[in-house]
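> Whatever this is, show me its structure:
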Amino acid sequence: QVQLVESGGGLVQAGGSLRLSCAASGRAFSSYVMGWFRQAPGKEREFVAEISWSGGTTYYADSVKGRFTISRDNAKNTAYLQMSSLKPEDTAVYYCAAGAQFRSRSLRDYNYWGQGTQVTVSS
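Now for the predicted structure:
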């Protein structure tokens, strides 16, 4: 079992940057694939980015590729999402998640979820 807590969300102007953090506690953090998802009002939760157990491989949704960077520090039991060149369409609640399946992008393959952190991008 692992518990996840996101932080770092907030209000930012278009073109700005934010860094989200996901602190994990419980079982060995490095044994999990970590992912970031987001859910905008009235829309389904969607995949944003994922990172392998060691952090050596990452994947991104096309909509954020080149603007967002996922990373992890296994010594600190923390995953990060650095978001740059933010757009109003990036406004959503952002969730981190832990799972065992890499390259899945599916919510069903992530077993543990944080409570989410709101990101609002103003135009």
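
> thought Lys87 was touching Thr120?
No - between Lys87 and Thr120 there is no contact under C-beta atoms under 8 Å: 11.7 Å. In short, each C-beta sits where N, CA and C put it, glycine included.

> which residues sit in contact with Ser54?
Residues in contact with Ser54 (C-beta atoms under 8 Å, 6 or more residues apart in numbering) are 30, 74.

> Tell me how far it lies from Ser31.
Counting by C-beta to C-beta, to the nearest Å, the gap between Ser54 and Ser31 amounts to 11 Å.

> Quick one: neighbours of Val2, just the number.
Residues lying near Val2 (other C-beta atoms under 10 Å) number 16.

> Number of residues surrounding the residue lying closest to it once chain neighbours are set aside?
Nearest-residue entry for Val2: Gly26, 4.0 Å, with adjacent residues in sequence omitted and distances by C-beta to C-beta, 6 or more residues apart in numbering. By other C-beta under 10 Å, the residues close to Gly26 number 13.

> and Gly26, what are its phi and psi?
Per-residue torsions, Gly26: phi 110, psi -140 (degrees, to the nearest 10).
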